[in-house]
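Visitor: Mind looking at a prediction? Sequence and model below.
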4 protein chains.
Amino acid sequence: MNEYSFMAEKNNKTGRILDAAIRIFARKGFYNSTISDIAKVAEVAEGTIYLYFKNKDDLLISIFEHSMEMFIQEAEKELEGLEDPKEKMKRFLALHLRIVQKNPELAQVLQIELRQSSKFMKEYEGGKFSDYLNVVRSIMEEGQEKGVFRKDLDPRILRRAIFGAVDEMALDWLLMKKKKYSLESCAEQIGDLVIRGMSV
Amino acid sequence: MNEYSFMAEKNNKTGRILDAAIRIFARKGFYNSTISDIAKVAEVAEGTIYLYFKNKDDLLISIFEHSMEMFIQEAEKELEGLEDPKEKMKRFLALHLRIVQKNPELAQVLQIELRQSSKFMKEYEGGKFSDYLNVVRSIMEEGQEKGVFRKDLDPRILRRAIFGAVDEMALDWLLMKKKKYSLESCAEQIGDLVIRGMSV
Amino acid sequence: MNEYSFMAEKNNKTGRILDAAIRIFARKGFYNSTISDIAKVAEVAEGTIYLYFKNKDDLLISIFEHSMEMFIQEAEKELEGLEDPKEKMKRFLALHLRIVQKNPELAQVLQIELRQSSKFMKEYEGGKFSDYLNVVRSIMEEGQEKGVFRKDLDPRILRRAIFGAVDEMALDWLLMKKKKYSLESCAEQIGDLVIRGMSV
Amino acid sequence: MNEYSFMAEKNNKTGRILDAAIRIFARKGFYNSTISDIAKVAEVAEGTIYLYFKNKDDLLISIFEHSMEMFIQEAEKELEGLEDPKEKMKRFLALHLRIVQKNPELAQVLQIELRQSSKFMKEYEGGKFSDYLNVVRSIMEEGQEKGVFRKDLDPRILRRAIFGAVDEMALDWLLMKKKKYSLESCAEQIGDLVIRGMSV
DNA sequence: TATGAATGAGTATTCATTCAT
DNA sequence: TATGAATGAATACTCATTCAT
């Protein structure tokens, strides 16, 4: 299993179901996926899914929350011990792209999830997604305090812009049939643009 | 009617239906919207919708294509007569945010549409959306030729990042219940970041 | 136009519509044919059909009634001047098969029509169809009076059996992809069977 | 339940659905019957029907196939031990009429099915229906071999005529409001006509 | 816990019919 | 007479969810 699989052990049904759901949702989209599809891939009965999740929506939300948690853990690991905010920002953006590359199906589901309904977005405003965005924000603020980033840029505003830039780029790259360039070069380009744009 | 309404005249059924669809799709999401909902708002019979559109999907695609065309026309108008690539970029980003502000429902639908299914994205890769992205790209290229933008940045890669940044910011702003800051300040911030990031 | 076309003159809309309906009903079946299909083939507007026929069902019934009338006229012409009931019967059966051969589409529609709904069958018990069946019956009765046909056979019962035999045979032949034998030989065989079966 | 019911046990859902479909199709015709009607009579939910049958058409086809199988079994039982081809033919025709009499609804559905669409007829040309027709054919051939039936009649042609005669007669009798004569007398008449017609 | 058969609400689409022109 | 745009009722089928085992 890849490192972002939720399936820790063989008999971890929760994990098996989530993994199946990610795969199915990514391939067919949320509305075109059926519980029956997911049950088949997870190798459980349809009814079993309802022992672990409240309903189909809950499945989607659970994927989102588990993912964000892991995203954040990975980010903390990646940035640990670093001092330079520029370096931190560069590493963080590159990490995001690396995660997408390693988990294309998960990445797709998160895209679907995050945008598909404003209802969902609104409900989760204060949740794990904010935590993730706040990693960007705190790097920016640290840089401003240390005097390496301009103080006239608002981290509350730009954290979202930076997330959007890297996420959109990742999606574009994912959906590209013939990869015209590497995600590494994307990371460099966006890192370069953002850091230069923010530097004093 | 606002300036992006498709409804030119009272008896333009196509326009009435598209406007209704935008409103309904924005509020409920594509899959939770029914043809009956749309018909009611458009004040036509359900069957009438099928005289103007092949099916529900066609309705979504039509919204997308009409919108992109208008986006591009607006952009051309906005940039007309300008020489400075930096100024062009600033104006373009501000225009995007202004359009979103004036047509929040349309903006939401486009978000749904653009992301919701990779199938859609792939099918429309070469279409109107590319045209829109290419406005960004050509501004960047012009700046590079004129020596005001760095030549080590790849316009093919970054056009998507810039679109993502501004679009995500717009969505965030749209979904914010209490507007903590204005879209104008967003425009300034993102414009500033991007232009400084790209400048030699 | 073939000799059973209802279209006597160019501007006879009734005829054009009936001919179109026969063709379409034969190809698609009554329920899968649309008024729009028929209008297109008849080269009239959909609404026009409703100036000549009460509704779709009426179209079917009209085809049936017109056809039966012609069947009967043809039969009278064919049998005119003949004396021998055996000869009459033989000729009548052969005529039926000839008509089917010349008007395969009409024949198919009549098959559909006659069987498809008991409602229709019941409603038309006393109509033109009886007239047609009565041609068989009167030949039989004439033969019985003249002493050439057995008197212990009931014409009321067997008229329907004879109709069924010849009609089923015709349908079978029509639907046969590769014609294994001619309709003429069918006529001979069934004529022979029936006449010998009835003769004293 | 009558002896041709498909409903072997109370909990045999397949049988309950088929029986319900036969009843509804017979009364309203295939196209005017709704799944909801059938579900109500079968006392199952609409969705349940789709657990047992692919779709509405499949229901019709299933009725046809089950029926033909039983028809043939009954015929074999009826003819078992008989030697005289004339007797066999007589018995077979009488059996057909008896079956119709006992299963009037099934008989009607088969009529609809068999004629309603040439598409259906063509698709099933080689199927169970042929098997049924071949019972007639083999009786005729046996008679010809044994020298009791004329050799100048073609069994391939006449099997269909005989089926048509008896089936049409049965339908007529079924649809007659006031039974003017018994089906037994029909059986005698048609048996007599056919056998005398075929005898050397 | 686990199953999967049964449920039945929910909806896109078609098409006969009408009617203003 | 003739048109054809508009109507809206009608229905097969899907699938999330439940519950008896």
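Guide: Everything's here; your move.

Visitor: now the residue lying closest to A:Tyr31 once chain neighbours are set aside, what's its secondary structure?
Guide: Excluding its sequence neighbours, the residue lying closest to A:Tyr31 (Cβ to Cβ, 6 or more residues apart in numbering or on different chains) is B:Tyr31, at 4.3 Å. Yep, even glycine has a C-beta here, placed from its N, CA and C like the rest. At B:Tyr31 the chain is in coil, as set by DSSP: H, G, I helix; E, B strand; the rest coil.

Visitor: B:Tyr31 and A:Leu175, how far apart?
Guide: Distance, B:Tyr31 to A:Leu175, by Cβ to Cβ, to the nearest Å: 21 Å.

Visitor: Then A:Ile35?
Guide: Counting by Cβ to Cβ - A:Ile35 and A:Leu175 are separated by 27 Å.

Visitor: A:Met198 too?
Guide: Remark: distance between A:Met198 and A:Leu175 (Cβ to Cβ) = 28 Å.

Visitor: burial count for A:Ile99?
Guide: The tally of other residues near A:Ile99 (other Cβ atoms under 10 Å in any protein chain shown) stands at 21.

Visitor: tell me which element it falls in.
Guide: helix A:85-102 (DSSP states H and E).

Visitor: avg pLDDT for that helix?
Guide: The pLDDT scores in helix A:85-102 average 93.

Visitor: now stretch A:38-56
Guide: Here the average pLDDT along stretch A:38-56 is 97.

Visitor: quick one: terminal-to-terminal distance for it?
Guide: Distance between the two ends of stretch A:38-56: 10 Å, counting by Cα to Cα, to the nearest Å.

Visitor: For that stretch, list every residue counted as buried.
Guide: A:38-39, A:41-42, A:44, A:49, A:52-53, A:56 (16 or more other Cβ atoms under 10 Å in any protein chain shown).

Visitor: which ones among those are found in helices?
Guide: Judged by DSSP state H, the buried residues of stretch A:38-56 include A:38-39, A:41-42, A:49, A:52, A:56 as members of helices.

Visitor: Do you have the helices of chain A handy? List them.
Guide: A:13-28, A:35-42, A:46-52, A:56-79, A:85-102, A:104-116, A:118-123, A:128-145, A:155-175, A:183-198.

Visitor: Out of those, name the one with the poorest average pLDDT.
Guide: helix A:118-123 (a mean of 60).

Visitor: gap between A:Ile139 and A:Ile157?
Guide: The gap separating A:Ile139 from A:Ile157 is 15 Å, by Cβ to Cβ.

Visitor: scratch that, A:His66
Guide: Counting by Cβ to Cβ - A:His66 and A:Ile157 are separated by 28 Å.

Visitor: DNA strand E contacts on chain A?
Guide: A:13, A:44-48, A:50-51 (Cβ under 7 Å from any atom of the strand).

Visitor: can you rerun that using 10 Å?
Guide: Residues of chain A found near DNA strand E (Cβ under 10 Å from any atom of the strand) are A:11-14, A:17, A:35-36, A:39-40, A:42-52.

Visitor: re earlier: can you list the helices of chain A in a markdown table and add distance to C:Tyr132?
Guide: A markdown table is the format used below for these (distance: least, Cβ to Cβ, whole Å):
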| stretch | distance to C:Tyr132 |
| --- | --- |
| helix A:13-28 | 58 |
| helix A:35-42 | 56 |
| helix A:46-52 | 59 |
| helix A:56-79 | 62 |
| helix A:85-102 | 77 |
| helix A:104-116 | 65 |
| helix A:118-123 | 67 |
| helix A:128-145 | 79 |
| helix A:155-175 | 68 |
| helix A:183-198 | 80 |
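
Visitor: pretty sure A:Arg23 contacts A:Val41?
Guide: Yes: the pair A:Arg23 / A:Val41 is scored as a contact, 6.2 Å apart, by Cβ atoms under 8 Å.

Visitor: Count the neighbours of the residue nearest to A:Glu105 when sequence neighbours are not counted for me.
Guide: Among residues not flanking A:Glu105 along the chain, A:Ala26 sits closest, at 3.7 Å (Cβ to Cβ, 6+ apart). A:Ala26 has 21 neighbours, counted by other Cβ under 10 Å.

Visitor: which ones are touching A:Ala26?
Guide: For A:Ala26, the contacting residues are A:104-106, A:108-109, A:112, by Cβ atoms under 8 Å, 6 or more residues apart in numbering or on different chains.

Visitor: Of those, which is the nearest to chain C?
Guide: The nearest member of those to chain C, counting by Cβ to the nearest Cβ, is A:Ile112 at 39.0 Å.

Visitor: Quick check: the gap between the closest one and B:Pro85.
Guide: Relative to B:Pro85, and taking Cβ to Cβ, A:Ile112 is found at 35 Å.

Visitor: Now rank the contacts of A:Ala26 by neighbours and give me the top one.
Guide: A:Leu106 (27 neighbours).

Visitor: Give the burial count for the residue lying closest to that residue once chain neighbours are set aside, as a bare number.
Guide: Excluding its sequence neighbours, the residue lying closest to A:Leu106 (Cβ to Cβ, 6+ apart) is A:Ile22, at 5.3 Å. Neighbourhood size, A:Ile22 [other Cβ under 10 Å]: 27.

Visitor: close enough to count as contact, the residue nearest to A:Tyr31 and A:Ile112?
Guide: No: contact criterion Cβ under 8 Å: B:Tyr31 and A:Ile112 do not qualify, at 11.3 Å.
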